[in-house]
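> the following block contains a protein sequence and its predicted model.
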Amino acid sequence: MPAGEAFSDGQRDRIERAIRAAEDVSGLVFSVFVGALPGDVRTQARTLLAATGDTQKTTILIAVDPAARRLEIVTGERAAEQLSDHGASLGALAMTSSFLAGDLAGGIVDGLRTMAEHARQLRTLHLDQP
């Protein structure tokens with residue numbers, strides 16, 4: 001799907017703000033791809049994750065092919081330690097619920113929020129500080 005066809009400027013802005021908020025909450029990198037995913041979706045998503053380069057280990061990549069009704073979430077090594085499969089599944093559920101209602105942008109925003117909450121950085125308490 002050509003760039004700009006899937007979202008209005010306002011929707012793109014909402015998604016970008018949701019990505020920044022998710023990154024702030026989790027300390028991880030979130031990447032969203034919306035477009036055609038020919039062949040094996042998981043393989044395509046892994047290829048997109050590898051293309052993130054230096055941030056690959058800390059990236060959560062959401063790949064959505066609206067025309068084929070496909071969704072795949074893949075994580076880098078460090079991101080997988082922080083976001084459980086259960087947290088990713090809840091994010092996918094949030095997205096697909098909105099997608100079924102015809103709200104692609106809202107679904108992505110909901111999924112980002114859900115996954116960010118489940119990947120929230122744990123605060124470390126130092127025992128040597130009062």
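Nice, thanks for sending it over.
> shaky segments in this structure?
Applying pLDDT under 70 to the chain flags residues 1-5, 121-130.
> which helix in it runs the most residues?
helix 9-26 (DSSP state H).
> with just CA atoms, put that one into CSV.
Coordinates of each C-alpha in helix 9-26 appear next as CSV, following Å, rounded to 0.1, in the frame of the first residue of the first chain:
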residue,chain,number,x,y,z
ASP,A,9,-2.3,13.2,9.0
GLY,A,10,-4.2,13.3,12.3
GLN,A,11,-4.1,9.5,12.5
ARG,A,12,-0.4,9.3,11.7
ASP,A,13,0.2,11.9,14.4
ARG,A,14,-1.8,9.9,17.0
ILE,A,15,0.2,6.8,16.2
GLU,A,16,3.5,8.7,16.4
ARG,A,17,2.5,10.1,19.8
ALA,A,18,1.5,6.6,21.0
ILE,A,19,4.9,5.3,19.9
ARG,A,20,6.8,8.0,21.8
ALA,A,21,4.7,7.4,24.9
ALA,A,22,5.2,3.6,24.7
GLU,A,23,9.0,4.2,24.4
ASP,A,24,9.0,6.5,27.4
VAL,A,25,7.0,4.1,29.6
SER,A,26,9.0,0.9,28.6
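> list the contacts of it.
Contact partners of helix 9-26, identified using C-beta atoms under 8 Å, 6 or more residues apart in numbering, comprise 7, 28-32, 82-83, 104-106, 108-109, 112-113, 115-117, 119-121. Yep, even glycine has a C-beta here, placed from its N, CA and C like the rest.
> 10 Å - rerun?
Helix 9-26 is contacted by residues 3-4, 6-8, 28-32, 34, 58, 60, 62, 79, 82-83, 91, 103-106, 108-121 when judged by C-beta atoms under 10 Å, 6 or more residues apart in numbering.
> got a quick PyMOL command for the buried subset of those?
Remark: buried members of the contacts of helix 9-26, expressed as a PyMOL selection using 16 or more other C-beta atoms under 10 Å:
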select buried, resi 6+7+28+29+30+31+32+34+58+60+62+79+82+83+91+104+105+106+108+109+110+111+112+113+114+115+116+118+119
